[in-house]
Each structure stands twice: as structure tokens, then as C-alpha cells.
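S.K.: Quick one, what's the 3D model for this:
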Amino acid sequence: MDLVATWPESMDELVAQQLALAREEPPPWSPSADMLVAGCFVCFQRGKVGAGARGDRGWAAAAAAGEVAVVDGRAGAPYEAGLLALREGPLLEAAVRALPNRRPDVVLVDATGRDHPRGAGLALQLGAVVGVPTIGVTHRGLVAMGAWPADERAARAPLSLDGQLVGYWLRTRPGTPPLAVHAGWRTSAETAADVVIGCIGDLRTPEPLRSARTAARTARTSAHS
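M.R.: Predicted coordinates for the structure are as follows:
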């Protein structure tokens, strides 16, 4: 059942969708040798007072296998933790759908998934809207807790919420803080960690997400030059 045909327009609608999505048990997705992994990222105009307001100009980018799509638009809501879909969701969807060729098999999102007060963060919601498996990748957990892993590449340690495994701390580069890798739409915590470590080169951030972040920020800079 597709619970999210469109993005919600109010906090009450969003909360209801999050609770409904958290109860869903869609068929699990499994990686393949030839899978196409995309990343998506959104940034907003600088120089604003406060965390962010409705109507802020934003730039979202998606990247996969050397292809990049960038879109711009306006934030749908002020910034509020746990309610990012109202602010960022449509922009991220537009960027993923703008990728010019092959549809990605899985998308890395700069947002949480099952690690969320209502069990369905933006990474999970984006996957439900677009119909693509997703994985959240952030620098910190939202409400899940767990000790950091050993300081060696690919070391992982569980992120748990109310006794449930919702992600992993994943060490992508020794000597740097681990990333929080989140189960999202149709992905488990184990699958999420496996996919992310497979996308790591010499840098801390997985390549598709790093490329999307660079493209979005470059577009923002160009718009103000």
C-alpha cells in the first residue's frame, strides 16, 4: 500500500504519515553486484536569522555514477527537528527524480530513517514517496543511542531505540568520528551499513552523498556570485 502519494502540508498530516509508515512492513530490499547507489542532499541560503524559515531558498542535488541533477526551490516550512519532511521533502524528491538516466536502486539520504521519535524520519519517507529503497547517513543519531565502534575501517556498533536496532555507528575512516547509518525504506540496519561501506573511498563520506553535497553547495554559491 502506498501511504505517501504526496508530501504532507501540515504538522498533523506529517505526524500521521510518520506513524503510519513506522507500522508498515514493506518487502525488504537486498543489494546486488550491479546496483546503482545514489546520494541526495539539500542546502539552504545563508545569512538567515535562526535555524531556518518557511520560504528559504534551497538547492537539492542527487548524484549517481557520475551523473548529477540539481534543482532549486523554496523551503516548505521552518526548520524543526523530527519534521524535516515539511521543509525538505519535495526538494529532495525533485532532485532524485531529475537524475537523467537509470533509476537508482537505493538512495543515500542526509537524514534519519527508523531513528526517529515516531519511527519514520525523512530518509524513510523519501523512499516511500519515490518508491526506492533508502538509507539515512548522518553525523549523529537523532534519538537512538549506542557506543562508538573501534577505530578501524568498517567497524560498526549498534544504534538502538527502545530496544530495537535502527542503525549502526559505522567507522568509514580511522581517526575520524563514525557516521550514523540508518535503516530506511525497505532497508535493514545491516543492509544500510553494508551498502555505505561499499561506497567509501579515501574520504569519510560515501561518494554518492559527497557528490550530491558538493553539487548542491556549488549551486548555492553560483546563485549568489
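S.K.: now Val137, what's its secondary structure?
M.R.: strand (DSSP: H, G, I helix; E, B strand; the rest coil).
S.K.: ranges for the strands of the chain?
M.R.: Using DSSP state E, the strands found in the chain span residues 37-44, 57-64, 67-74, 106-109, 134-138, 156-161, 164-170, 179-183.
S.K.: Pairing partners for the fourth one, with directions?
M.R.: Strand 106-109 pairs in its sheet with strand 37-44 (parallel), strand 134-138 (parallel), by DSSP bridges.
S.K.: Other residues contacting it?
M.R.: 29, 31, 35-40, 62, 92, 96, 122-123, 126-127, 130, 132-137, 184, 187, 195-196, 199, 206, 208-209 (C-beta atoms under 8 Å, 6 or more residues apart in numbering). C-beta coordinates here come from the backbone N, C-alpha and C atoms, glycine included.
S.K.: mind checking how far it is from the chain centre?
M.R.: In this view, strand 106-109 has its centroid 6 Å away from the chain centroid, taken as C-alpha atoms, centre = their mean, to the nearest Å.
S.K.: so where's the longest helix in the protein?
M.R.: helix 207-223 (DSSP state H).
S.K.: Work out the gap between that one and the centre of the chain.
M.R.: Distance, centroid of helix 207-223 to centroid of chain: 15 Å (C-alpha atoms, centre = their mean).
S.K.: count of neighbours near Ala81?
M.R.: Neighbourhood size, Ala81 [other C-beta atoms under 10 Å]: 12.
S.K.: mind listing what it touches?
M.R.: Contacts of Ala81 (C-beta under 8 Å, 6+ apart): Leu142.
S.K.: that older thread, and the longest helix of the chain, what's its mean pLDDT?
M.R.: Averaged across helix 207-223, pLDDT comes to 97.
S.K.: Likewise for stretch 13-24?
M.R.: 95.
S.K.: got a list of what the residue nearest to Ala111 when sequence neighbours are not counted touches?
M.R.: Using C-beta to C-beta, 6 or more residues apart in numbering and skipping residues adjacent in sequence, the residue nearest Ala111 is Leu122, 3.7 Å away. Leu122 is in contact with Leu84, Ala85, Glu88, Gly89, Leu92, Val109, Ala111, Thr112, Gly136, counting by C-beta under 8 Å, 6+ apart.
S.K.: Can you give me the distance of the third one to Ala16?
M.R.: What it means is Glu88. 19 Å (C-beta to C-beta, to the nearest Å).
S.K.: So for those two, which sits in the more crowded spot?
M.R.: Ranked by neighbour count (other C-beta under 10 Å), Glu88 and Ala16 place Glu88 first, with 29 against 14.
S.K.: quick one: contacts for that one?
M.R.: Val42, Gly58, Ala60, Ala75, Gly76, Ala111, Leu122.
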